[in-house]
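> need a structure here:
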Amino acid sequence: MTLSLLNQALKENASHLIDSSVDHFAPQYEFVGKFNIRYVRHIKENAPTLILLNGLPQSIRIWETFWEKLSRDFDLLAFDIPGFGLTKADESDMSPRKLSQTVIQVMDHFGIQKAHLVGPDVGVPITLAAAIRHPERFESINIFDGPGSYPPKMAPILTAVIKLGFVRWLAKGPNKKAVMRANFMTAVKDGYKRYRPTKRAIKEYYDITHDLQSHRCAMSYFGSYSMDLSWIQNRLLGIKVPTLITWGKLDPYVDVSNASYLSSQIPLSKLVIFENASHFSSEDAGDDYLNVLTNWCLEEYNQGTIKRMATA
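Okay, the predicted model is just below:
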């Protein structure tokens, strides 16, 4: 694997905007239990707390374009889920239920008693498991672009990875370079319709997707889905935490029908579909997503939430 792939992505897929002179997401770490957690923290007194997770194959840099605007209204904590982004883990750590406990440990470490939790992509089942097990710790949750039931409706290759151990073995071994390359291109190009990541993000996503341990952790995480997603699905109707479900209508990896199903099962939920957004819908939808999330966390979640669907 050469750096030509990275250089090509920087040339063809990076935002045309110049990276800010201030990098809020320059990696910093805190030990929480066994994990050296990569995080970003913005403390705002007397404001609701918003906890932001990352997806695969990216990091919490998915939040960098929103960070300054969110900091006006919220106390903020973003951290890379162990095994994803820049937080390292072992393969034995990789399941939604196990990692949902890490969310609680991180909250305790930073002295956060209650928060709104946002989980994209692989963070969806982690967020759901955390809300099922510890509803008292969350004002609300926002989930998008990831599976929350079993079997989820996903792209054929992802379905094969989830269901077949042989495919995961190939992805970890003989085919790992091809899968790493595909993951990188998903992170910087194929997962978007219109958004362009920053150069800093592209460089970070390259390091993540080409880290062998992170790659193996991701494959092991998919292997846990049959058990953990089934466990979650059996408890969706009992979720007591207000839930905002947002999704990109053009998502080619985790079909938008997953959003409709989750909304039909979770009692206190609101569903918003972004018509022109792909898999990484928060970035693709831009200010439309930011406004939906902000309005939800500041007032809507606590106003006798009823089931409704909107498009943006």
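
> name the element residue 77 belongs to?
Assigned by DSSP states H and E, residue 77 falls within strand 75-79.

> What residues sit buried inside that strand?
Across strand 75-79, burial judged by 16 or more other CB atoms under 10 Å covers 75, 76, 77, 78, 79. Glycine gets a C-beta too; all of them are placed from N, C-alpha and C.

> I'd like those laid out as JSON lines, including distance to residue 247.
Formatted as JSON lines, those follow (distance: CB to CB, whole Å):
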{"residue": "75", "distance to residue 247": "26"}
{"residue": "76", "distance to residue 247": "23"}
{"residue": "77", "distance to residue 247": "24"}
{"residue": "78", "distance to residue 247": "21"}
{"residue": "79", "distance to residue 247": "23"}
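
> just to revisit the earlier point, packing partners of the strand holding residue 77?
On a contact count with 3 or more CB pairs under 8 Å, 6 or more residues apart in numbering; DSSP states H and E, strand 75-79 meets strand 35-42, strand 49-52, helix 67-70.

> ok, residues contacting the second one?
Taking CB atoms under 8 Å, 6 or more residues apart in numbering as the criterion, the residues outside strand 49-52 that touch it are 60, 63, 70, 74-79, 103, 106-107, 112, 114-118, 297.

> rerun at 7 Å
60, 63, 70, 74-78, 112, 115-118, 297 (CB atoms under 7 Å, 6 or more residues apart in numbering).

> pLDDT at the residue nearest the centre of the chain, what is it?
Centroid-nearest residue in the chain: residue 120, 2.6 Å away (criterion: CA atoms, centre = their mean). Per-residue pLDDT puts residue 120 at 98.

> Helices of the stretch 1-150 of the chain, start to end?
4-12, 67-70, 96-109, 123-133 (DSSP state H, counting those that start in this stretch).

> okay, those helices, which one's buried deepest?
helix 123-133 (a mean of 26; mean count of other CB atoms under 10 Å).

> got the angle between that one and helix 96-109?
70 degrees (axes from the mean of the first three to the mean of the last three CA atoms, to 10 degrees).

> Can you name every helix or strand that helix 123-133 contacts?
Packing contacts for helix 123-133, counted by 3 or more CB pairs under 7 Å, 6 or more residues apart in numbering; DSSP states H and E, involve helix 96-109, strand 115-120, strand 138-144, helix 225-233.

> what's around the nearest residue to residue 233 once chain neighbours are set aside, how many residues?
Excluding the flanking residues, the one nearest residue 233 by CB to CB, 6 or more residues apart in numbering is residue 149, at 4.2 Å. A count of nearby residues for residue 149, using other CB atoms under 10 Å, gives 19.

> quick one: pLDDT of residue 149?
96.

> next one: residue 21
Per-residue pLDDT puts residue 21 at 82.

> For it, give its distance to residue 200.
Residue 21 is 12 Å from residue 200, where distance means CB to CB, to the nearest Å.

> quick one: which of the two has more around it?
Remark: of residue 21 and residue 200, residue 200 carries more neighbours, 17 against 5, as counted by other CB under 10 Å.

> quick one: secondary structure of that one?
Here residue 200 is recorded as helix under DSSP: H, G, I helix; E, B strand; the rest coil.

> Now do the same contact list for the residue nearest to it when sequence neighbours are not counted.
For residue 200, ignoring the flanking residues on the chain, the nearest one in space by CB to CB, 6+ apart is residue 19 at 5.4 Å. Contacts for residue 19 (CB under 7 Å, 6+ apart) come out as 198, 199, 200.

> swap in residue 187?
Residue 187 neighbours (CB under 7 Å, 6+ apart): 57, 58, 205, 209.

> Number of residues surrounding the third one?
Look at residue 205: counted by other CB under 10 Å, it has 25 neighbours.

> do the same with the one 3 residues further on
Using other CB under 10 Å, residue 208 has 25 other residues around it.

> So it versus residue 93, what's the distance?
17 Å.

> Same check on residue 58?
19 Å.

> Compare the two (neighbour count), which wins?
It is residue 58, of residue 58 and residue 93, that has more neighbours when counted by other CB under 10 Å, with 27 against 18.
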